[in-house]
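Undergrad: Quick check, what structure comes out for this input:
(one chain, ligands or ions: 2)
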Amino acid sequence: MKNEPSRARSSRLKSALPIGGVRAASLCIASGKGGVGKSVLSASLAAYLATRGRTLLVDADLGMGNAHILQGVQPSSSLVDFIERGDTVGDIRTRCGEGLDLLAGGSGVPHMAGLKREDRARLAAQLAELEVAYQFLVVDSAAGISNQTMAFGAAADRLLLVVTPDVTSMTDAYGFLKVHSQVRPAGEALFVVNRVIDEAQAYQTAARFKEVSQRFLGVEPRWLGFIPDDPAVGASVNQRRPLLLAEPSSLAGRSLIGISAQIFSELECLCPRGLGRSMHAVSGGEALSDAARAAQRS
Ligand SMILES: Nc1ncnc2c1ncn2[C@@H]1O[C@H](COP(=O)(O)OP(=O)(O)OP(=O)(O)O)[C@@H](O)[C@H]1O
Ligand SMILES: [Mg+2]
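TA: Numbers count the residues shown, from 1 in each chain. Ligands and ions are numbered 1, 2, ... in the order given. Sure, this is the predicted structure:
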């Protein structure tokens, strides 16, 4: 299968998948600042959603992804192979468990900074085919406001920002929301506060983020909850298991279950646009990323 010409693989993928039909409801997990807990949250959320319906986790941190580590799998191929060898996204999926597949981002490939215009168009077209086979699609983004990240954030049904109480995390999250709200003015953004020392700090951080966003951007992101700073998180990372499976009764584990349940209800009730289809509809995210570039300059 690996040595099959990519065009043949592509048409085989096409014929293997249902045409049309209901698409996966999608959520893009993003942040301005790096290291705030996006992958920890994505790993557990994907594991939770997989118990409700077939789920695809997309590691959009190309070349430097670690979503596979947090799922405890060793992918034989990744989005790096999609780009460099022309593999299809159907071919590079890795099974993580019952109901959960991963499109790994590839790790230790630092030159893989982002997708070129034609790669993005190809990815969008293939995701548009693949997403009808899933009920949920979770994108674990790279940090920052690259064109690629903004394109995923704008194409997903919902954007979830992860912030921590650090001033730099909040400032960068605000910067992300500023660009996002110009690229997708009608899209409602959600956020969680991670690594808080207590409830008071969570409420204070959330209130500040909402207030600043409302005052300067005219948008108020919706707060879903907080996750305490908890050594159980680091322990689950070292065990290479989603926290929700490794330590479900830890403080952070219980918070993650609550947040995941809310996200499930949110995704289950919306009418999915289709992440791949939305990206494809705007030439593989090119229009979205052009808008993002314009917004960054403003
Ligand atoms: N609630 C928490 N309590 C304790 N440690 C945490 C918590 N959340 C995250 N961490 C720690 O922070 C580290 C970074 O988390 P993670 O990899 O999820 O961040 P990220 O936002 O995905 O980073 P990147 O921007 O590099 O992709 C984790 O390995 C974990 O050890
Ligand atoms: Mg990450």
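
Undergrad: Show me which residues of the chain sit near ligand 1.
TA: Within the chain, the residues that sit near ligand 1 (C-beta under 6 Å from any ligand atom) are 31, 34-40, 61, 143, 194-195, 227, 229-230, 233-234, 237, 252. Just so you know, the C-beta spots here come from the backbone N, C-alpha and C atoms, and that holds for glycine as well.

Undergrad: Now the buried members of those.
TA: In these, burial by neighbour count holds for 31, 36-40, 61, 143, 194-195, 227, 229-230, 233, 237, 252, counting by 16 or more other C-beta atoms under 10 Å.

Undergrad: taking those residues one by one, which sit in helices?
TA: Secondary structure from DSSP state H places Lys38, Ser39, Val40, Val233, Val237, Ala252 of those in helices.

Undergrad: Now the nearest residue to the last one once chain neighbours are set aside. Its backbone dihedrals?
TA: Nearest residue to Ala252 in three dimensions, chain neighbours excluded: Asp230, at 3.7 Å (C-beta to C-beta, 6 or more residues apart in numbering). Summarising the backbone geometry of Asp230 under the convention degrees, to the nearest 10, its torsions are phi -150, psi 130.

Undergrad: Now do the same contact list for Asp230.
TA: Asp230 makes contact with Ser250, Leu251, Ala252, Gly253, according to C-beta atoms under 8 Å, 6 or more residues apart in numbering.

Undergrad: can you count the residues close to the second one?
TA: Just to be clear, that refers to Leu251. 15 (other C-beta atoms under 10 Å).

Undergrad: Val179 should be in a strand, yeah?
TA: No - counting by DSSP: H, G, I helix; E, B strand; the rest coil, Val179 is not found in a strand; it is helix.

Undergrad: wait, it sits on Met150?
TA: Yes - the criterion here is C-beta atoms under 8 Å, and Val179 meets it with Met150 at 5.9 Å.

Undergrad: Comparing those two, which residue is more hemmed in?
TA: Met150 (29 against 22).

Undergrad: does the more buried one sit in a helix or strand, and which one?
TA: Per DSSP states H and E, Met150 falls inside helix 147-155.

Undergrad: right, is the next helix or strand after that helix up against ligand 2?
TA: Later in the chain than helix 147-155, the nearest helix or strand by DSSP H and E is strand 158-163. No - Strand 158-163 stays clear of ligand 2 (C-beta under 5 Å from the ion), getting no nearer than 9.5 Å.

Undergrad: Show me what strand 158-163 is packed against.
TA: strand 25-30, helix 38-50, helix 167-183, strand 189-196, helix 251-269 (3 or more C-beta pairs under 8 Å, 6 or more residues apart in numbering; DSSP states H and E).
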